[in-house]
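Visitor: Sequence first, predicted model second:
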Amino acid sequence: RQSLGQAELPTTAEIVVRIDATATAAGEVRLAEAAEVQGWGALLTDRLTGLLAGCRVTVRPVLDAQRLTPTDAYRMPPALRRVLHERWGVDAFPYGTRPARHCQSDHSTPFDHHAAPGHGQTHPDVMAPLSSFAHRAVTHGGFRREQPAPGHLLWTTPHGWRLLTTPAGTVLIHRPPPPQHSWWRQEPPDWLD
């Protein structure tokens, strides 16, 4: 077990660390002063050896969504899935907290199996991670969502609430007015003087 501050990391946990690096003309790689440990926060780069001691380390390059080619397949290839998970981090449902890697990859616009080849419809720009609960809420519960831009989902609930979800969180856009019942506007009966 590795200790980071007050809490301990589980022995089988996946620790995701993001480090900015630059290459020099001499071929050296210089790491940034601090790294970001997902779910924990910033950590000085020289402290990473203590955190990762005894761990199996996998180095993955940063993937640019704009350079990845969309696919005509319904399922996402691993590189596209990794970009989707890195972009969102958690479930794209309003106030979602489930990690994106444990969610389903959802097409914001319905996938068309009869589209012309070469018109790739599976790409992180038109998809979002949804938990199985959120997926059922969209399919059967009356929740609607639009994706006006990559990384932005505009939700409408069955009761008229409008919310915007982004990788940074959820923003309430519109709250419907409370329902006005007809009995609120009626005069009281004569015997109630």
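Guide: Perfect, thanks for sending it.
Visitor: This protein: strands as residue ranges?
Guide: Secondary structure of the chain (DSSP state E): strands at 3-4, 7-8, 17-18, 21-23, 29-31, 34-37, 41-44, 104-107, 127-130, 144-149, 152-156, 162-166, 169-174.
Visitor: how about the top helix by length along the chain: buried residues?
Guide: Using DSSP state H, we find that the single longest helix of the chain is helix 78-88. By 16 or more other Cβ atoms under 10 Å, the buried positions in helix 78-88 come out as 80, 81, 82, 83, 84, 85, 86, 87, 88. For every residue, glycine as well, the C-beta is placed using N, CA and C.
Visitor: Need the winner for burial among the strands of the chain.
Guide: strand 127-130 (a mean of 27; mean count of other Cβ atoms under 10 Å).
Visitor: That one pairs with which strands, and in what direction?
Guide: Paired strands of strand 127-130, with direction, are strand 104-107 (antiparallel) (DSSP bridges).
Visitor: still on that earlier bit, and of the buried residues of helix 78-88, the nearest to residue 146?
Guide: Taking Cβ to Cβ as the measure, residue 146 lies nearest residue 88 of the buried residues of helix 78-88, at 16.2 Å.
Visitor: Run a quick check on the closest one versus residue 152, I expect a contact.
Guide: No - using Cβ atoms under 8 Å, residue 88 makes no contact with residue 152, being 10.8 Å away.
Visitor: one step back: adding mean pLDDT, write the strands of the chain out as a markdown table.
Guide: Output for the strands of the chain, formatted as a markdown table (pLDDT from 0 to 100):
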| stretch | mean pLDDT |
| --- | --- |
| strand 3-4 | 52 |
| strand 7-8 | 56 |
| strand 17-18 | 82 |
| strand 21-23 | 83 |
| strand 29-31 | 85 |
| strand 34-37 | 87 |
| strand 41-44 | 89 |
| strand 104-107 | 87 |
| strand 127-130 | 91 |
| strand 144-149 | 91 |
| strand 152-156 | 95 |
| strand 162-166 | 96 |
| strand 169-174 | 94 |
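Visitor: Between those strands, which one is closest to residue 70.
Guide: Nearest of those to residue 70, taken as Cβ to Cβ: strand 127-130 at 10.2 Å.
Visitor: Dump that closest one to CSV, restricted to CA.
Guide: The C-alpha coordinates for strand 127-130 follow below in CSV (Å, rounded to 0.1, in the frame of the first residue of the first chain):
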residue,chain,number,x,y,z
MET,A,127,-20.1,10.6,-27.9
ALA,A,128,-20.2,10.7,-24.1
PRO,A,129,-19.7,8.2,-21.3
LEU,A,130,-23.0,7.3,-19.5
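Visitor: Okay, the residue lying closest to residue 173 once chain neighbours are set aside and residue 86: tell me how far apart.
Guide: In this structure, residue 173 finds its nearest non-sequential neighbour in residue 162, 4.4 Å apart by Cβ to Cβ, 6 or more residues apart in numbering. Remark: distance between residue 162 and residue 86 (Cβ to Cβ, to the nearest Å) = 27 Å.
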